[in-house]
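>>> Generate coordinates for the sequence data below:
(chains A, B, C and D)
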Number of protein chains: 2
Amino acid sequence: MNVKQSDIAAKLGISRVTVTKALQDSPDISTEMKVKVKQIAEEMDYIPNLTARHLTAKKTRTLGVILPDITNMYFSSIVRGMMEVAERESYHIILTVSREEKTKESENIFKLLSMNVDGLLVCQTLDTVEAEIFEKVKKRKKPLVFFGRPVGFSGYDSIGFDDFLAAEKLTEYLISKGKTKIAHISGDIKSDGGYRLDGFLSAMKKNKLEVNEDWIIKGKFFPEYGYEGFNKIFNAGTLPEVIFCGNGMIAQGVYDAIREKELKIPEDISVVAVDHKKFAEMLYPKLTYIDYPTRTLGCEAMKLIIQKIESKNKKNKIENIILDTFLIENDSLA
Amino acid sequence: MNVKQSDIAAKLGISRVTVTKALQDSPDISTEMKVKVKQIAEEMDYIPNLTARHLTAKKTRTLGVILPDITNMYFSSIVRGMMEVAERESYHIILTVSREEKTKESENIFKLLSMNVDGLLVCQTLDTVEAEIFEKVKKRKKPLVFFGRPVGFSGYDSIGFDDFLAAEKLTEYLISKGKTKIAHISGDIKSDGGYRLDGFLSAMKKNKLEVNEDWIIKGKFFPEYGYEGFNKIFNAGTLPEVIFCGNGMIAQGVYDAIREKELKIPEDISVVAVDHKKFAEMLYPKLTYIDYPTRTLGCEAMKLIIQKIESKNKKNKIENIILDTFLIENDSLA
DNA sequence: ATACTTTTCTTAAACGTTAACTTAAAAAAG
DNA sequence: CTTTTTTAAGTTAACGTTTAAGAAAAGTAT
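Numbers count the residues shown, from 1 in each chain, chains lettered A, B, ... in the order given. So this is what the prediction gives:
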């Protein structure tokens, strides 16, 4: 089949191990021999067999990543950050997707463990509530870092954003701009959507502002929920001054619904949301939003897991990192 | 470290191989023994070591995918389709990203070959012109399928869209709607952008319509090129009736530039493009476009490579599959 | 009771690479 | 010159799994 080290050895009439060592630049081997071996390797188009190498080595320099959805730019942008750091540190990534299914998530974890990854980076599905499978990972002492979504249970390293604080910050800002009539269309309340809703409610309460029951819509992170959400609010009678959307996709649906009613953003009604730059800035008029720096998240998550891997023996405590988010003022707020 | 088959064997006082066979449901093993082995395996949290398995097996049921950019929804949506089929056929995917760099692309190919993937699915970078590295893959008889972008050299299996025809079709449609003054802002002319431009020019020529030199802007597939492109056209004097954009991102930039001039789409000027649904439909007003069904492409590409792998011995000829594209009429065309 | 099957399990070897030792020859030290 | 050190290789075994071939036990036919 493929050219292997023993083929090179045979050609040169030397032992297999000499080839290994020569290719590794071991001090055991003379310079001339190294040159000879490398040249023949090149000529024969030798490509090392990682499978075999991994079997002897304890480390594979491979990391497993599990995403809920690859077409969501929030996640793909995180992965991009991860890849940058991984490359710099010469690790490689095996990317798997759970499609928001718990069973797929477990399968992926097993698959990645089977492949002897050095560590796991996981963004849980919205349905993940039991730590069971992750306990198994822990028992194997396999480094694991959760990223990008709030983790439902403690005892694990994680990195992400504080959805509650972000929503509170955005709400406070709206209030500081004199807005008092604010509606909220949330994403999945089981996860980040819920924390964002809570942050919104908390800020309203702190400022002793009333929250209209009809203006709290619990949805999911997709445009259609924004679209329907706005229509519900519209049909409820009085219109709020601002619609606070759980994320950019919801805002996109809200934009569509607002236009359908022939209302103007931001003249007739303002819209704000929480999301990351790449998506938020695609909408027109440009969204005023809290920016979640996803690429940075990816970079930091990768740095964290690598640090966990490379200091495996030393006991290092659990870290729960929260990254800063930024208020970006654009045109969707009057 | 991890529990291995020999640990199970030791616990039961049987041979290592009996465990292998029991877990494989080999007819060599009695039903009671199988039950016992599986139960102990479960209890001990045994996870098979794929690295070791792959060393003996000729097949790894693993496929390598190389993308130019993971944050581009065009590509991530293709991958989504691939993953669906891969899962169904119980293959897994190792996803790598070349970031449009030729050297990174080569590195990724080596890495994937090192990992003993059964086949490669490659979307080339815009700079890839030499077949050299791919010739090496071919020499190793490793199945390889190009997808998503025109391939610069022949002799390889590929699957994609016909950019020339798509652009011609869209242009013909514009002409059939009575448009004669059409501008084109292209993507990368070295690749699909060039074929789309050529298709446009061809349709114009066929219909004996004049093409204004100032209305042909050669750019790249990013919003800023659309933005600048439109401004150049605007500053050239007379305004065309339609701007045909190389893709949706270019259209996005064009939209922004048009709005800045306080013009209305489609009342003052129309905009059309070539792209896939998920992106195209995010713009407002909704874009009239040629839809590239990316997810289908992913599915078909995966089916093709699997077929190539599983019929490796039989000599099968080179296939160059072209998928259908669809004209979607929306609101951006008057 | 012998020979032949069938069932069930074991032994041996292999996959490609590497880590840990060992050996042989050459160079340096005494 | 002998002894020690250095240099440059080679040998052996291991990583965890699987395949192929072989052996022991049990059953069946003659």
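
>>> Only C-alpha atoms from now on, for both contacts and neighbour counts.
Noted.

>>> got any ranges where the stretch 201-334 of chain A has weak pLDDT?
A:312-315 (pLDDT under 70).

>>> Give me every residue in it lying close to DNA strand C.
Neighbours of DNA strand C within the stretch 201-334 of chain A, by Cα under 7 Å from any atom of the strand: none found.

>>> can you pull out the helices in the stretch 201-334 of chain A?
Using DSSP state H, counting those that start in this stretch, the helices assigned to the stretch 201-334 of chain A run over residues A:223-235, A:248-260, A:277-280, A:294-310.

>>> Make CSV out of those helices and add distance to chain B.
Converted to CSV, the helices of the stretch 201-334 of chain A look like this (distance: least, Cα to the nearest Cα, whole Å):
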stretch, distance to chain B
helix A:223-235, 10
helix A:248-260, 8
helix A:277-280, 9
helix A:294-310, 10
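
>>> could these go into CSV alongside distance to DNA strand D?
Shown next, in CSV, are the helices of the stretch 201-334 of chain A (distance: least, Cα to the nearest atom of the strand, whole Å):
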stretch, distance to DNA strand D
helix A:223-235, 46
helix A:248-260, 44
helix A:277-280, 44
helix A:294-310, 18
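
>>> what's the closest of these to A:K111?
A:K111 lies closest to helix A:294-310 among the helices of the stretch 201-334 of chain A, at 18.7 Å (Cα to Cα).

>>> Show me what that closest one is packed up against.
helix A:73-88, strand A:119-122, strand A:144-147, strand A:157-161 (3 or more Cα pairs under 8 Å, 6 or more residues apart in numbering or on different chains; DSSP states H and E).

>>> buried residues in that helix?
A:294-306, A:308-309 (16 or more other Cα atoms under 10 Å in any protein chain shown).

>>> and that helix with strand A:157-161, angle?
170 degrees (axes from the mean of the first three to the mean of the last three Cα atoms, to 10 degrees).

>>> Contacts made by helix A:294-310 with the rest, please.
Residues external to helix A:294-310 that are found in contact with it (Cα atoms under 8 Å, 6 or more residues apart in numbering or on different chains): A:74-75, A:77-86, A:118-121, A:143-145, A:147-148, A:158-160, A:276, A:316, A:323.

>>> contacting residues for A:F221?
By Cα under 8 Å, 6+ apart, the neighbours of A:F221 are A:S186, A:G187, A:D188, A:G193, A:G246, A:N247, A:M249, A:I250.

>>> where along chain A do the strands fall?
Listed in chain order, the strands of chain A (DSSP state E) span A:62-67, A:92-97, A:119-122, A:144-147, A:157-161, A:182-186, A:216-218, A:242-245, A:270-275, A:288-291, A:320-323, A:326-328.

>>> Which of those strands sits closest to B:K59?
Comparing the strands of chain A by Cα to Cα, strand A:92-97 comes nearest, at 18.2 Å.

>>> Burial check on whichever residue of the stretch 51-200 of chain A sits closest to DNA strand D, number of neighbours?
When scored by Cα to the nearest atom of the strand, the stretch 51-200 of chain A has A:T56 as its residue closest to DNA strand D, at 3.7 Å. Using other Cα atoms under 10 Å in any protein chain shown, A:T56 has 11 neighbouring residues.

>>> Show me where the stretch 1-150 of chain A dips below the pLDDT cut-off.
In the stretch 1-150 of chain A (pLDDT under 70), the answer is A:1.

>>> Which positions in it make contact with chain B?
Contacts of the stretch 1-150 of chain A with chain B, taken as Cα under 8 Å from any Cα of the partner chain, map to A:1-2, A:47-52, A:54-55, A:70-71, A:73, A:76-77, A:79-80, A:93-96, A:110, A:113-116, A:140.

>>> just the buried members of these?
A:47-52, A:54-55, A:70-71, A:73, A:76-77, A:79-80, A:93-96, A:110, A:113-116.

>>> all helices of the stretch 1-150 of chain A, in order?
Under DSSP H, counting those that start in this stretch, the stretch 1-150 of chain A gives helices at A:5-12, A:16-23, A:31-43, A:50-56, A:73-88, A:102-114, A:132-139.

>>> Columns distance to B:V35 on top of those, output as a markdown table?
Below are the helices of the stretch 1-150 of chain A laid out as a markdown table (distance: least, Cα to Cα, whole Å):
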| stretch | distance to B:V35 |
| --- | --- |
| helix A:5-12 | 41 |
| helix A:16-23 | 43 |
| helix A:31-43 | 48 |
| helix A:50-56 | 29 |
| helix A:73-88 | 42 |
| helix A:102-114 | 21 |
| helix A:132-139 | 23 |
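
>>> any chance of these in a markdown table, plus distance to DNA strand C?
Listed next are the helices of the stretch 1-150 of chain A as a markdown table, based on distance: least, Cα to the nearest atom of the strand, whole Å:
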| stretch | distance to DNA strand C |
| --- | --- |
| helix A:5-12 | 4 |
| helix A:16-23 | 4 |
| helix A:31-43 | 10 |
| helix A:50-56 | 4 |
| helix A:73-88 | 19 |
| helix A:102-114 | 16 |
| helix A:132-139 | 25 |
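
>>> Which among those is found nearest to A:K261?
That would be, of these and by Cα to Cα, helix A:73-88, which comes in at 28.8 Å.

>>> From the chain's centroid, how far away is that closest one?
Relative to the centre of its chain, helix A:73-88 is centred 8 Å away, using Cα atoms, centre = their mean, to the nearest Å.

>>> which residues touch A:F234?
Contacts of A:F234 (Cα under 8 Å, 6+ apart): none.

>>> rerun at 10 Å
Shown in contact with A:F234 (Cα atoms under 10 Å, 6 or more residues apart in numbering or on different chains): A:D214, A:W215, A:E228, A:P240, A:A257, A:I258, A:K261.

>>> from the residues you listed, which is closest to B:A236?
A:I258 (35.8 Å).

>>> could you redo the helices and strands packed on helix A:294-310 as TSV and give each row distance to A:T62?
Listed next are the helices and strands packed on helix A:294-310 as TSV, based on distance: least, Cα to Cα, whole Å:
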stretch	distance to A:T62
helix A:73-88	9
strand A:119-122	7
strand A:144-147	13
strand A:157-161	19
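
>>> Nearest to B:V65 among those would be which one?
B:V65 lies closest, by Cα to Cα, to one member of those: helix A:73-88, at 14.6 Å.

>>> Could you give the bridge partners of the residue nearest to A:L170 when sequence neighbours are not counted?
Leaving aside its sequence neighbours, A:L170 sits nearest to A:I290 (Cα to Cα, 6 or more residues apart in numbering or on different chains; 6.7 Å). Here A:I290 shows beta-bridge partners A:V274, A:L327, assigned using DSSP bridges.

>>> Same check on A:L63?
Applying DSSP bridges, one finds that A:L63 bridges with A:I93, A:G119.

>>> how about it, what does it touch?
Contacts of A:L63 (Cα under 10 Å, 6+ apart): A:86, A:91-95, A:112-113, A:115-121, A:143-144, A:302, A:305-306.

>>> now with 8 Å?
Taking Cα under 8 Å, 6+ apart as the test, what A:L63 contacts is A:Y91, A:H92, A:I93, A:I94, A:V117, A:D118, A:G119, A:L120, A:L121.

>>> Any figure for the gap between the residue in the stretch 201-334 of chain A that DNA strand C sits nearest to and A:V145?
Residue of the stretch 201-334 of chain A nearest DNA strand C, by Cα to the nearest atom of the strand: A:E310 (16.3 Å). From A:E310 over to A:V145 the distance is 14 Å, taken as Cα to Cα, to the nearest Å.

>>> for A:A52, same thing?
Taking Cα to Cα, one finds A:A52 at 28 Å from A:V145.

>>> Residue numbers of the stretch 1-150 of chain A in contact with DNA strand D?
So the stretch 1-150 of chain A meets DNA strand D at A:13-18, A:27-33, A:52, A:55-56 (Cα under 7 Å from any atom of the strand).

>>> Among those, list the two that are farthest apart in space.
Across these, the two lying at the largest distance from each other (Cα to Cα) are A:E32 and A:L55, at 29.9 Å.

>>> This completes my enquiry, with thanks.
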